[in-house]
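>>> A structural model of the following input is requested.
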Amino acid sequence: MSTRIKLNLSAASLALVIVVSLLVQVSVGFAEVANYIKYNFYDKDNLILNLSLVNPAVKSVAADPSNKVVLRIEVRDRKGNPVPMAPVTLSLDGNTKAHDYLGDLTPQLLRTDDYGELLVVYSPPEASKEFLTQKETNIKITAAVKNTGIKSQQSIKLVRNPVVFIHGYQAYAYIFENFGEYLKSKGFQTSAIEYKSVNGIIVASNILKDFLLKQKMQYLAKGLQVQRFDLVAHSMGGLVARYYTCSEDFIRDNNVRKIIFISVPQKGSPLASLGASFFDDKGVSDLIPENPLLSKALPQMLNKGLNNTIQVGSILGQYDEVVSPESASLEEWSLNTELFSIGESNLNFDNILKGNFSEATNHMNILSNRKVFERVESMLYEKLPYPSLKK
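Below is the predicted model of the structure:
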């Protein structure tokens with residue numbers, strides 16, 4: 001009889017060794033096994049579940065997949081003790097029926113750690129106009145202890161991606177007042193960078209870098225989490241945007257989602273050569289066709305000077321006095337430039353000789369054109385093309 005008992009014990013020991021080996025192979029420790037067994041003895045209906053934002057200052061989030069929100073889940077018993085290995089499920093709901101895709105929660109099913117906690121990440125959708133039918137859309141995230149009625153919810157407001165305007169040569173932020181008021185009436189939040197164009201494109205790109213970082217902090221102070229901005233750049237401002245978004249600083253910050261170019265001299269402007277006779281500064285020299293910045297510096301940067309990870313739209317006014325269709329073209333990156341009828345030009349040879357470039361009315365009036373406003377608004381909602389990858 002004793003021999004049989006010893007044999008049975010040996011068999012049990014062997015089985016235990018096999019189980020332990022299997023646990024080691026799947027990287028599951030004894031603590032996890034013990035917690036898993038312990039969880040099954042809890043009174044499930046008396047557990048307490050709490051879902052909260054890791055950053056409680058966040059009240060709303062810009063609708064952009066890169067703009068991830070981290071949430072914490074805590075499961076405790078009635079005495080406040082953490083409950084490890086509690087299985088938690090997650091779900092999404094929203095106050096809109098115009099779009100089935102409300103974003104992503106990862107992972108979908110988890111178990112709490114030794115402290116009764118776990119972290120989940122919410123990635124918003126890149127929302128269309130139909131999705132954001134209101135000025136903001138409420139997304140409801142629900143966490144539940146599996147196979148119980150215990151739930152906890154957290155609401156997140158999705159808002160339109162903030163827009164940053166970038167002015168051109170010898171211009172100022174106020175030229176976007178009409179444009180900004182239009183977009184604000186559609187629920188967008190806007191701001192405009194101010195820089196001295198006479199100091200050139202590289203200096204301005206550094207100002208843009210600092211401006212975007214400051215804007216991000218200012219929005220967060222108001223409760224809005226923003227990772228990437230949409231840029232609307234006019235004239236020289238488009239080259240400022242290109243230079244910054246192809247720099248090493250941008251690769252680190254990754255804070256631009258779209259660039260919408262408006263009447264941008266991508267290859268320079270012939271008027272800049274004439275302007276150099278009146279304005280002896282770095283800004284105007286940066287706009288001369290075939291100058292070193294356009295012919296050497298930009299082409300040596302990321303993707304030959306146009307970031308292929310950023311969505312791009314391009315608009316040009318017909319009869320623009322400063323920018324020709326050839327100069328505004330982005331065909332080398334397989335992108336089209338849309339032409340808008342703004343009106344006839346009244347910039348004559350006498351004005352050019354006098355250096356009155358402010359008389360280039362079409363070049364400036366495109367920033368006060370209702371059709372252009374509406375097209376830019378739709379571009380902010382649309383999935384715009386990415387520049388082709390250049391070798």
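>>> where does the prediction get shaky in this structure?
1-33, 35-36, 41, 96-100, 132-136, 275-277, 279, 343-360 (pLDDT under 70).
>>> ok, so what distance separates the residue nearest to the spatial centre of it from Met217?
The chain has Arg228 as the residue nearest its centroid, 3.0 Å off, counting by C-alpha atoms, centre = their mean. Distance, Arg228 to Met217, using C-beta to C-beta, to the nearest Å: 15 Å. Yep, even glycine has a C-beta here, placed from its N, CA and C like the rest.
>>> correct me if wrong: Ile207 contacts Ser197.
No - counting by C-beta atoms under 8 Å, Ile207 does not reach Ser197; the two are 10.6 Å apart.
>>> those two: which is more packed in?
Comparing Ile207 with Ser197 by other C-beta atoms under 10 Å, the one with more neighbours is Ser197, at 25 against 17.
>>> got the phi/psi numbers for that one?
In terms of degrees, to the nearest 10, the main-chain angles of Ser197 are phi -60, psi -20.
>>> so who does it touch?
167-171, 204, 236, 283 (C-beta atoms under 8 Å, 6 or more residues apart in numbering).
>>> give me the domain ranges for the protein.
Following automatic domain parsing, the chain resolves into domains at 49-159, 163-381.
>>> export those domains as CSV, with columns for distance to Lys390.
Listed next are those as CSV, based on distance: least, C-beta to C-beta, whole Å:
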stretch, distance to Lys390
domain 49-159, 23
domain 163-381, 4
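>>> most tightly surrounded among those domains?
domain 163-381 (a mean of 19; mean count of other C-beta atoms under 10 Å).
>>> between the contacts of Ser197, which is nearest Leu109?
Of all these, Ala204 has the smallest distance to Leu109: 49.0 Å, by C-beta to C-beta.
>>> the residue nearest to the centre of the chain against Asp253, yeah?
No - using C-beta under 8 Å, Arg228 makes no contact with Asp253, being 9.4 Å away.
>>> circling back to that earlier point, let me see the contact set for the closest residue to the residue nearest to the centre of the chain other than its chain neighbours.
Residue nearest to Arg228 in three dimensions, not counting chain neighbours: Arg257, with 3.9 Å by C-beta to C-beta, 6 or more residues apart in numbering. Neighbour list for Arg257: 64, 66, 161, 228-230, 310-311 [criterion: C-beta under 8 Å, 6+ apart].
>>> pull the distance from the helix or strand where Arg257 lies to the chain's centre.
Counting by DSSP states H and E, the element that carries Arg257 is strand 256-262. Strand 256-262 has its C-alpha centroid displaced from the chain centroid by 12 Å (C-alpha atoms, centre = their mean, to the nearest Å).
>>> kindly report the same for stretch 316-335.
27 Å.
>>> where along the chain do the helices fall?
2-25, 30-39, 177-185, 201-221, 236-245, 248-253, 270-275, 282-285, 292, 325-328, 349-354, 361-365, 370-381 (DSSP state H).
>>> correct me, but Asp281 touches Ile201?
No - checked against C-beta under 8 Å, the pair Asp281 and Ile201 is beyond contact range at 11.7 Å.
>>> thought Lys151 was touching Ala143?
Yes - between Lys151 and Ala143 a contact is recorded at 6.8 Å, counting by C-beta under 8 Å.
>>> hey, what's in contact with both of those two?
Common neighbours of Lys151 and Ala143 (C-beta under 8 Å, 6+ apart) are Leu49.
>>> would you confirm that Gln318 contacts Ser341?
Yes - between Gln318 and Ser341 there is a contact under C-beta under 8 Å: 4.8 Å.
>>> identify the bridge partners of Phe261.
Ala233, Ser314 (DSSP bridges).
>>> in contact with the residue nearest to Phe179 when sequence neighbours are not counted, which residues?
If you skip the residues right next to it in sequence, Phe179 has Leu367 as its closest partner in space, 5.7 Å away by C-beta to C-beta, 6+ apart. Neighbour list for Leu367: 175-176, 178-179, 234, 262 [criterion: C-beta under 8 Å, 6+ apart].
>>> same list (those residues) but as a markdown table, adding distance to Ser329.
Below are these laid out as a markdown table (distance: C-beta to C-beta, whole Å):
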| residue | distance to Ser329 |
| --- | --- |
| Ile175 | 24 |
| Phe176 | 24 |
| Asn178 | 27 |
| Phe179 | 23 |
| His234 | 17 |
| Ile262 | 14 |
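>>> wait, which of those residues is closest to Pro124?
For the contacts of Leu367, the nearest to Pro124 is Phe179 (25.5 Å; C-beta to C-beta).
>>> need the nearest residue in space to Gln170, chain neighbours excluded.
Ser197 (5.8 Å).
>>> mind checking how far that neighbour is from Asn308?
Counting by C-beta to C-beta - Ser197 and Asn308 are separated by 27 Å.
>>> now do Arg257
14 Å.
>>> equivalent analysis for Lys129, please.
25 Å.
>>> over to Asp286?
Relative to Asn308, and taking C-beta to C-beta, Asp286 is found at 23 Å.
>>> same deal with Leu158?
Distance from Leu158 to Asn308, by C-beta to C-beta: 27 Å.
>>> now do Ser123
Counting by C-beta to C-beta, the gap from Ser123 to Asn308 is 22 Å.
>>> and for Val75?
Applying C-beta to C-beta to Val75 and Asn308 gives a distance of 44 Å.
>>> with Cys246 instead?
Counting by C-beta to C-beta - Cys246 and Asn308 are separated by 10 Å.
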